[in-house]
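S.K.: Next one to model:
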Amino acid sequence: MSSTPRSTYRLQLCPDFGFDQAREIVPYLAELGISHIYASPIFTARPGSMHGYDVCDPNALNPELGGEPGFKRLSSAASKAGLGWIQDIVPNHMAVSGHNRMLVDLLENGPASKYYPFFDIEWDHPLESFKGRMLAPFLGSFYGETLERGEIRLGYDDDGFFISYYELRLPLAIETYPRVVTYRLEELTDELGLDHPDVIKLMGLLYTIKTLPAERADMQQRQHQVYFIKRILAELYETSESVRGFLDENLAWFNGERGPDSPERFDLLDALLGEQYFRLSFWKVAGEEINYRRFFSINDLISLRAQDAEVFSVTHQLILDYVHDGVFDGLRIDHIDGLYDPTAYLKRLRDNAPDSYIVVEKILTGDEPLPGFWPIQGATGYSFMGKTVSFFVDAGNEDAFDTIYQRFTGRRRSMLDIAAGNKRRIIERHMGGDVENMARLVNSVSSKDRHAFDITFPALRRAITELLIRFPVYRTYISNEAFRPADLVYIRTAIRDSVKASPELSKEFDFLDRFLLLEFDERISDEDRREWINFVMRFQQVTGPLMAKGVEDTTFYVANRLLCLNEVGSEPWHFGISSAGFHTYLLERQKYWPNAMNATATHDHKRGEDARVRLAVLSEFPDEWREALKRFERINRRKKATERGRTQPTANDEYFIYQTLLATWPFDWPKKRDEYAERIKAYMVKALREGKENSNWIEPDEGYENACLSFVDALLRPRAKNAFLREFTPLVKKVAEAGMVNSLAQLTIKLMAPGVPDFYQGVENWDLSLVDPDNRRPVDYEWRTRTLADLKKRFERKPRELPTELLDTAEDGRVKLFITHRGLAVRNGLPELFAQGEYLPLEFEGERAANAFGFVRRHEEDAVMVLAPRFTASIPKDGRFPLNAFWEGVRITSDWLPPGRWTNAFTGQVFDATPTSVRQILADFPAAVLVRGE
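M.R.: Coordinates of the predicted model:
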């Protein structure tokens, strides 16, 4: 496919780095060798958005990024430089905001709005207070208290009447305008007289509201009349001092600014709010009662019914225009698991974009396969990221790390048990309303099934909860059209584990088993069949957010055995994979998804790509790590606080802090001490709140947080008497140097492996970042542009000397930029080989054969040989890198290697015959890419 990229470069666009700023780096990206810009969402988002996923208008470009003019300048520059464009889109949800014109139209017009069926709202909710109204759980405290404090206010501007609560703005239903306009109206008519033109206009406006069409069939007529109503009202407010004074005074009455100082002065506003298409409530209500689907458990991101053809057509109009015009070569689909029917959505998208490169944001667990029936090129690379870091973890030391972690922290619970407990907590605190809604769907059918007639609603609710907790993957994809064979296994596994944990609910689980596998009773009605399918789809939509919130955003911050494995796409309970296992993974990738993205860093990673593989070094020497921990704990004992008999930080958080410092320790310490300390402290606050054990976002324990921050400060204090730094420095030096070897190996593998190498902004230098916002700091593109130009010139003149210099000064990051550029040059020079070539694992012999990893990519007469080191930290070397003598006696034993001349892309070294000596190949550089031929 011509639109398939050779490589992608992810840009996180925001108001501080918009289209014009991105345009300035287009020449650099082209020189680096990137084929496609891969952009974060660029459509109109909530004002001030730093990520773009809170979309307000999918059919307009974000003015804070530069709008359409800025985008045209950027896309034109990219096209002239030969760069394509992959666009991240958000089909699942939009922002709850006064800037969301679709939602505003809905809340103004209710069932008569064009957008009434667009949002995933259950208008016919069994709770009377929800019927015909969307819950709006955005208040900081109870509704009555908030109202009587005057925090909820009625306002007016050219767009009409609205309700505001701090930054939140929601429109009044048009039919309720008369409540405001007719209040005290006799005072205005007494002042002006009934024959006054302004009074006549006001009366005409009220009559127009009374006669508004209430059906969607008369939508266009209604839109015209609503426009007329708002324009007349705005004209009167602007030109008539009497009308303006009258309306302003009414606003004051409704806002409780007039009348006696008593709660009754808010009755007017309370009654008005009771007639809206939304119901304001305390934000905590959403955890137990909610009638709309959210993105995860984020109340102000409301989901769309993207499965409906009309919704798809309207929300994808501009996207597909850019696809058809050749502006977008491909699309990245955000949160595919949140869609009602991902398979149907992707088929519709493919029908509308038949030649586009399409990838999905999908997190796979274990050996879970991506659905083969999806018409896409693959996923965005989380699985590659997880497998790659696991490859650098020594699986043989798992038991030792279990023992170290358990003894230091006193924790014995398995990570899977911790994850299950956290998923239960998320349901209880944040997703109870979602479970309630699903239980009602099942109950509506079970009450008519003779085999399930005696299953009660509370029992169903409990059974659904237990099943969600034990679900082993993010979601299944069962529908009327297709499913993966593996989906049956996942459901049966979850059912089995749930029955084992709660045998008293076995009948309920049996019924849910039938439900989820769509094993219909032939006698059920078509309506019940639709409800049955609807439940299955809803259930599948909930498992993903629960896994993300319970595991990624909670367990990954408290199950701390080896933090490099606590990453999106990884599973911390799986400790490393073998070379053979990694080859198997890459072979399957070549066979099934050769054009999927290979990512090692993303906009939502927990730790940067180099921080992760640096931390993986610990797995190579558990004994040294255990002894270091003992020394650290003894030295730092007095730096901790004690509150109510609890040590602060806890041993588990202390363990977390030490690993965090090892992973992110700057190469230029102590020059960056103050900046680094602030980064770590900001990260610790987020980590503690995400972990939800000793603090949380809802009720943060600032006392505990401050104790942890004081502990970090004490660890980093630049004093001669800081015993911790004296002990820590040698360890971090060893880990950082071995981590650089891992980083260069990881980068080399990513560049040459099956798939499309993806680069997150800035990672062509060392990436020791932490989770956002730390991984979204500004990137120094001036340094990168200048350095790349220098590297290219010097490599052309002295290719054998430059790599040695780069290794000697590896801390400055130039070596990583060099490998990125040279590797991309190889890919760009052999496009057919990397698009269609075989993946052939290499085999080795010799004392350190286990430390060598390699493969060949081959297509017709072209071939590329790749070598990379592994597990070199605990083995003596002549210098910092595993060169020359380190590989004494290690040879490639694969007898199928194609003969001919080979050139090392990193060193310029030429081999007149096929080399098999690893020592010879890696004499000057720790990794190699050998290109066959000239």
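
S.K.: Pull the CA coordinates from stretch 615-626 and hand them back as PDB.
M.R.: C-alpha atoms of stretch 615-626 as PDB (Å, rounded to 0.1, in the frame of the first residue of the first chain):
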ATOM      1  CA  LEU A 615      16.000  -0.100  34.900                       C
ATOM      2  CA  ALA A 616      16.000  -3.500  33.300                       C
ATOM      3  CA  VAL A 617      19.700  -3.700  34.000                       C
ATOM      4  CA  LEU A 618      18.900  -4.400  37.700                       C
ATOM      5  CA  SER A 619      17.500  -7.800  36.700                       C
ATOM      6  CA  GLU A 620      21.000  -8.900  35.800                       C
ATOM      7  CA  PHE A 621      22.500  -8.600  39.300                       C
ATOM      8  CA  PRO A 622      19.900  -9.200  42.100                       C
ATOM      9  CA  ASP A 623      22.500  -9.900  44.800                       C
ATOM     10  CA  GLU A 624      24.100  -6.500  44.300                       C
ATOM     11  CA  TRP A 625      20.600  -4.800  44.300                       C
ATOM     12  CA  ARG A 626      19.700  -6.600  47.500                       C
END
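
S.K.: Please point out which parts of that stretch sit buried.
M.R.: Neighbour counts over stretch 615-626 (16 or more other C-beta atoms under 10 Å) mark 615, 616, 617, 618, 619, 620, 621, 622, 625, 626 as buried. Where C-beta positions appear, they are placed from N, C-alpha and C, glycine not excepted.

S.K.: got the contact list for the third one?
M.R.: Yep, that's residue 617 we're talking about. By C-beta atoms under 8 Å, 6 or more residues apart in numbering, the residues touching residue 617 are 392, 734, 735, 738, 739, 742, 873.

S.K.: Among the residues you listed, find the lowest-pLDDT one for me.
M.R.: pLDDT across the contacts of residue 617 is at its lowest for residue 873, which sits at 93.

S.K.: and of the contacts of residue 617, the nearest to residue 694?
M.R.: Residue 694 lies nearest to residue 735 out of those, by C-beta to C-beta, at 26.8 Å.

S.K.: Number of residues surrounding the closest one?
M.R.: 24 (other C-beta atoms under 10 Å).

S.K.: Spatially, what comes nearest to it if we skip its sequence neighbours?
M.R.: Among residues not flanking residue 735 along the chain, residue 617 sits closest, at 4.8 Å (C-beta to C-beta, 6 or more residues apart in numbering).

S.K.: what separates the one you found from residue 413, distance-wise?
M.R.: Taking C-beta to C-beta, to the nearest Å as the criterion, residue 617 is separated from residue 413 by 27 Å.

S.K.: re the thing from before, distance of the residue nearest to residue 735 from residue 863?
M.R.: 32 Å.

S.K.: And residue 466, by the same measure?
M.R.: Counting by C-beta to C-beta, the gap from residue 466 to residue 863 is 54 Å.

S.K.: Kindly report the same for residue 838.
M.R.: Applying C-beta to C-beta to residue 838 and residue 863 gives a distance of 9 Å.

S.K.: These two: which is more packed in?
M.R.: For residue 838 versus residue 863, neighbours defined as other C-beta under 10 Å are more numerous around residue 863 (23 against 14).

S.K.: so residue 789 makes contact with residue 31?
M.R.: Yes - here residue 789 reaches residue 31: they are 7.4 Å apart, a contact under C-beta atoms under 8 Å.

S.K.: So which of those two has more stuff around it?
M.R.: Remark: of residue 789 and residue 31, residue 31 carries more neighbours, 16 against 12, as counted by other C-beta under 10 Å.

S.K.: what about the residue lying closest to that one once chain neighbours are set aside, neighbour count?
M.R.: Residue nearest to residue 31 in three dimensions, not counting chain neighbours: residue 788, with 5.8 Å by C-beta to C-beta, 6+ apart. By the criterion of other C-beta under 10 Å, residue 788 has 20 neighbours.

S.K.: How about the one 4 residues further on?
M.R.: Counted with other C-beta under 10 Å, the neighbours of residue 792 add up to 15.

S.K.: between residue 838 and residue 863, what contacts are shared?
M.R.: With C-beta under 8 Å, 6+ apart, residue 838 and residue 863 have common neighbours 856, 857.

S.K.: Give the other helices and strands that the helix or strand of the chain with the lowest mean pLDDT contacts.
M.R.: Least confident element among the helices and strands of the chain, by mean pLDDT, DSSP states H and E: helix 432-446 (a mean of 85). Identification of packing neighbours for helix 432-446 by 3 or more C-beta pairs under 8 Å, 6 or more residues apart in numbering; DSSP states H and E yields helix 457-469, helix 506-516, helix 526-547.

S.K.: Could you check the first one and say which residues are buried?
M.R.: When you say that, I think you mean helix 457-469. 459, 460, 461, 462, 463, 464, 465, 466, 467, 468, 469.

S.K.: Point out where the chain drops to low pLDDT.
M.R.: Low-confidence segments of the chain, defined by pLDDT under 70, span residues 1-2, 449, 451-452, 934.

S.K.: hmm, 80 instead?
M.R.: Residue ranges of the chain with pLDDT under 80: 1-2, 215-217, 444-454, 480-482, 520-524, 644-645, 720, 934.

S.K.: just the buried members of the contacts of residue 617?
M.R.: Counted by 16+ other C-beta under 10 Å, the contacts of residue 617 give 392, 734, 735, 738, 739, 742, 873 as buried.

S.K.: For the first one, which residues are in contact?
M.R.: Spelled out, that is residue 392. 613, 616, 617, 619, 742, 745, 746, 870, 871.
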